[in-house]
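>>> what would the 3D arrangement of this be:
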Amino acid sequence: MRALVITASNRASAGIYEDRSGKLLAGLLAEAGCEVDGPQVVPDGEPVEEALRSGVAEGYDVIVTTGGTGLTPADLTPEMTRRVLDREIPGIAEAIRQADRDRVPTSILSRGLAGQAGRTLVVNLPGSSGGVRDGMAVLAPVLAHAVDQIRGGDHPR
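A predicted model of the protein is given here:
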């Protein structure tokens, strides 16, 4: 599986601080069996949409974003993602929000989406290292099956 990591961060893209969540995400996707490109660090907003569209056009099997899923006015990753998706997969996004809710009650405030854009699985994760770890704990076990299904695979018998 070919994967692309996109970090949505105005400050990291401006060089104010180092992107840690994107690097962590790339490592976790590699552990899940992906050949990973990125992280590609972009400001939140329309640059996220552009990076997603480019990744879909390049034929990535999965694109996972980190950052931009919160409630601040600058957090626009879900809106940009929705513009690219052909159909949503709400179960993934809901499972990610609920995964560690008892330990991190604020995880339910993430507005991240998951869905299909062409033949690409797109998933938004929070921008924190903990959010990336928790999100990948949900995503990794279903990643290969989801990609297989998007490609037209049948359910294993």
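
>>> helix or strand with the lowest mean pLDDT in this protein?
Considering only helices and strands, the least confidently modelled element of the chain by mean pLDDT, DSSP states H and E is helix 10-13, at a mean of 94.

>>> which strands and helices sit next to the helix or strand following that helix?
Sequence-wise, the next helix or strand beyond helix 10-13 is helix 21-31, with elements assigned using DSSP states H and E. Counting contacts by 3 or more Cβ pairs under 8 Å, 6 or more residues apart in numbering; DSSP states H and E, the secondary-structure elements packed against helix 21-31 are strand 2-8, strand 35-42, strand 62-66, helix 129-150. Backbone N, C-alpha and C define where each C-beta goes, glycine included.

>>> which stretch among these comes nearest L24?
The stretch from the helices and strands packed on helix 21-31 with the least distance to L24 (Cβ to Cβ) is helix 129-150; that distance is 5.2 Å.

>>> show me what counts as buried in the closest one.
Buried residues in helix 129-150, counting neighbours by 16 or more other Cβ atoms under 10 Å, are found at 131-136, 138-139, 143-144, 146-147, 150.

>>> any idea which of these is closest to V56?
Distance from V56 was checked for each of these by Cβ to Cβ. The minimum falls on I150, at 11.6 Å.

>>> right, and the closest one touches T120 too?
Yes - look at I150 against T120 with Cβ atoms under 8 Å: they come within range, at 7.4 Å.
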